[in-house]
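# Model the following, please.
(one chain, ligands or ions: 1)
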Amino acid sequence: MMPPLESVPDDPVLPSRVDAVVIGGGIAGVSAAYFLAQKGHSVALLEKGRIAAEQSGRNWGWCRRQNRDERELPLMIHSMEIWDRLAAETGAELGFRRSGLIYVTKDKAELAQWEAWCAMARGYQVHNRILSPAEAKALTPGNEQDWIGGVHSPHDGRAEPALAAPALAAAARARGVTIHQNCAVRGLDIQAGRVAGVITERGRIAAATVLCAGGAWSSMLCRRHGIDLPQAGVRSTIFVTEPAAEVTPGGLVTPDFTISRRLDGGYVVAAKNRGGVEITPQGLRYARRFWPTFKSRRKSLTVGIGRSFFRGPEAIHGAWSFDKETPFERDRIFAPAPDTSIVEPALKAVSATYKALAGLRMARVWGGWIDSMPDAIPVISAVDKLPGFFLSTGYSGHGFGIGPGAGRLAADLMAGDTPVVDPRPFRYARLVDGTDLGTPGMM
Ligand SMILES: Cc1cc2nc3c(=O)[nH]c(=O)nc-3n(C[C@H](O)[C@H](O)[C@H](O)COP(=O)(O)OP(=O)(O)OC[C@H]3O[C@@H](n4cnc5c(N)ncnc54)[C@H](O)[C@@H]3O)c2cc1C
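Here you go, the predicted structure:
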């Protein structure tokens, strides 16, 4: 079971009209609502389950520039600046600390990739340090292994997923956003060829702009309205440990495991190379579009068939009607089962390399469903064929850290303001107009 989420108060009465509706209470949706409210827009945020109960409350919490695809780097840099000021601005603890990230390796090709990345990032004034074998050893005190090198990003860090999106949602609410949990959007209200609002399970809300920040469910909602959004999910498992000795202050990636120090003194642990691709009807629909990415990541994925074929965001759902229960209400919180077989080997690997962590014990384990785009870059964009409709989705396993920046960019686009960064890398059209999507960068 995932750690308990901070709860966010609800607004029982739906407004009949607002400037903007936000669909989805993950980090993408709440941060867009927060920035729209800052711009003076009236906003209703609709969440079918609870704020942050899907990906945004289930992740490692890493907020990193290191190894980002270059197309995302300017937005990520901006996002880190927002993280820096959010605690003071909202008066809430989001758990954000620039506690640093260390990557170490025994693989020359991996080290070469990091060197190339650091050279590129210097052009954006990001100065991370490639580590010699001795420096890598010195930065991993107590670790029994030797490395050929590594990379250190001292100014990257981590926020607490159980706190961050709920805190931002509460702050958005304090700025006038109404928040409606357990309230699914069944579909868009389209009039005269443009968005006129949404139809929820509790009634209609009129709005000139609507943002779909529905995480893994975005493709299904779009498809209901004839909008093609190639999206695919990967099942992932993480676990946290009981509090234990501090061997690293931030995050550490080794060839066998990844650990991140939590504020409570425990670690988030992830075993390397165990994402699960489940065959689903939606996955089959978009298989050709994801083939290049799948091929390049094949070694780090297992493939199988599971419950997600029949239930959840990628199952078969016909064109549902808006006056009956919809798939969104049937799975208010999509919580894939964790693969608990990773726990013992990962604990063994951690305690074999760190004597100080001998006897490390798992406290909680849970699963998450990561939604991806074919090029592993999100869509933060208007959808030209449906004026008034915007997307902020497809964060491809690294949307938590970039979430505040993404919210700001989505709000700029919806308000018609000058965007905070060049929005072209995130445009929706690239997915449907035959653009060569290239190969995805490092994850
Ligand atoms: C195990 C794991 C580890 C990860 N580690 C990291 C990390 O360290 N750093 C990082 O940056 N990223 C990480 N990620 C990825 C990150 O969690 C996601 O990219 C990010 O949280 C996506 O946010 P989101 O708001 O787009 O989606 P979500 O958080 O999934 O939110 C979407 C919300 O929309 C709601 N919704 C959908 N349809 C409807 C509807 N019709 N009506 C109303 N509500 C609806 C859903 O209920 C959901 O709450 C990780 C993910 C996982 C699973």
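# quick one: contacts for the residue in the stretch 151-300 of the chain positioned nearest to the ligand?
Evaluated by CB to the nearest ligand atom, the stretch 151-300 of the chain has Gly215 as its residue closest to the ligand, separated by 2.6 Å. C-beta here means a position set from N, CA and C on the backbone, and glycine is covered the same way. Listed by CB atoms under 8 Å, 6 or more residues apart in numbering, the contact set of Gly215 reads Gly24, Gly26, Ala28, Glu54, Gln55, Ser56, Pro313, Asp371, Thr393, Tyr395.
# Could you dump those residues into a markdown table with secondary structure and neighbour count added?
Shown next, in a markdown table, are these (DSSP: H, G, I helix; E, B strand; the rest coil; neighbours: other CB atoms under 10 Å):
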| residue | secondary structure | neighbour count |
| --- | --- | --- |
| Gly24 | coil | 28 |
| Gly26 | coil | 29 |
| Ala28 | helix | 34 |
| Glu54 | coil | 27 |
| Gln55 | helix | 25 |
| Ser56 | helix | 30 |
| Pro313 | coil | 25 |
| Asp371 | strand | 26 |
| Thr393 | strand | 34 |
| Tyr395 | coil | 30 |
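# Would you mind confirming that Ile279 makes contact with Leu301?
No - using CB atoms under 8 Å, Ile279 makes no contact with Leu301, being 11.9 Å away.
# burial of Glu419, as a residue count?
Small correction: residue 419 is Pro, not Glu. Pro419 is flanked by 18 other residues according to other CB atoms under 10 Å.
# Thr258 too?
21.
# Quick check: it vs Asp10, distance?
Distance, Thr258 to Asp10, by CB to CB, to the nearest Å: 36 Å.
# And for Ala358?
Taking CB to CB, one finds Ala358 at 46 Å from Asp10.
# Compare these two and say which one has the larger neighbour count.
Neighbour count, other CB under 10 Å: between Ala358 and Asp10, Asp10 has more, with 15 against 11.
# Quick check: phi and psi on that one?
phi -110, psi 160 (degrees, to the nearest 10).
# Pull the contacting residues for it.
Counted by CB under 8 Å, 6+ apart, Asp10 has contacts Ile179, His180, Gln181, Asn182.
# which strands and helices sit next to whatever helix or strand the first one lives in?
Counting by DSSP states H and E, the secondary-structure element that holds Ile179 is strand 178-180. Other helices and strands packing on strand 178-180, by 3 or more CB pairs under 8 Å, 6 or more residues apart in numbering; DSSP states H and E, are strand 43-46, helix 161-174.
# excluding its backbone neighbours, what's nearest whichever residue of the stretch 1-150 of the chain sits closest to the ligand?
Residue nearest to the ligand within the stretch 1-150 of the chain: Gly26 (2.2 Å; CB to the nearest ligand atom). Closest residue to Gly26 apart from its sequence neighbours, by CB to CB, 6 or more residues apart in numbering: Ser56 at 3.8 Å.
# Pretty sure the one you found sits against Ile27.
Yes - between Ser56 and Ile27 there is a contact under CB under 8 Å: 4.2 Å.
# overlap in contacts of those two?
Contacts common to Ser56 and Ile27, judged by CB under 8 Å, 6+ apart, are Ala164, Ala165, Gly399, Phe400, Gly403.
# For burial, what's the neighbour tally of the residue lying closest to the first one once chain neighbours are set aside?
Think Ala164. Leaving aside its sequence neighbours, Ala164 sits nearest to Leu94 (CB to CB, 6+ apart; 4.3 Å). Other residues near Leu94 come to 22 when the count uses other CB under 10 Å.
# can you pull the pLDDT of Ile51?
Reading off the confidence values, Ile51 has pLDDT 98.
# Next, give phi and psi for it.
Torsion angles, degrees, to the nearest 10, at Ile51: phi -60, psi 130.
# Sketch out the strands for the stretch 101-250 of the chain, chain order is fine.
101-105, 129-131, 149-153, 157-158, 178-180, 185-191, 194-200, 203-212, 232-241 (DSSP state E, counting those that start in this stretch).
# Other residues contacting the shortest one?
Outside strand 157-158, the residues that touch it by CB under 8 Å, 6+ apart are 60-64, 83, 95-101, 250-251, 260-261.
# Also near the ligand: which of the residues you listed, exactly?
Trp60, Gly61, Trp62 (CB under 6 Å from any ligand atom).
# Cys118 is in contact with Tyr124, isn't it?
No - Cys118 is not in contact with Tyr124 according to CB under 8 Å; the separation is 10.9 Å.
# who has more neighbours, those two?
Cys118 (18 against 14).
# Flag the shaky bits of the stretch 251-400 of the chain, pLDDT-wise.
Flagging of the stretch 251-400 of the chain using pLDDT under 70 yields the residue ranges 272-274, 298.
# can you list the residues of it near the ligand?
So far as CB under 6 Å from any ligand atom goes, the stretch 251-400 of the chain lies against the ligand at Phe328, Gly368, Ile370, Thr393, Tyr395, Gly397, His398, Gly399, Phe400.
# In ChimeraX, how would I select the buried members of these?
Selection of buried members from these for ChimeraX, criterion 16 or more other CB atoms under 10 Å:
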select :328,368,370,393,395,397,398,399,400
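# So which of the residues of the stretch 251-400 of the chain next to the ligand belong to helices?
Phe328, Gly399, Phe400 (DSSP state H).
# closest to Phe334 among the ones next to the ligand among the contacts of strand 157-158?
Nearest to Phe334 among those is Trp60, at 18.6 Å by CB to CB.
# out of everything not next to it in sequence, what's closest to the closest one?
Val268 (5.1 Å).
# what's across from that neighbour in the sheet?
Val240, Ser260 (DSSP bridges).
# Next, the contact list for it, please.
Neighbours of Val268 in contact, by CB under 8 Å, 6+ apart: Trp60, Gly61, Ile238, Phe239, Val240, Ile259, Ser260, Arg262.
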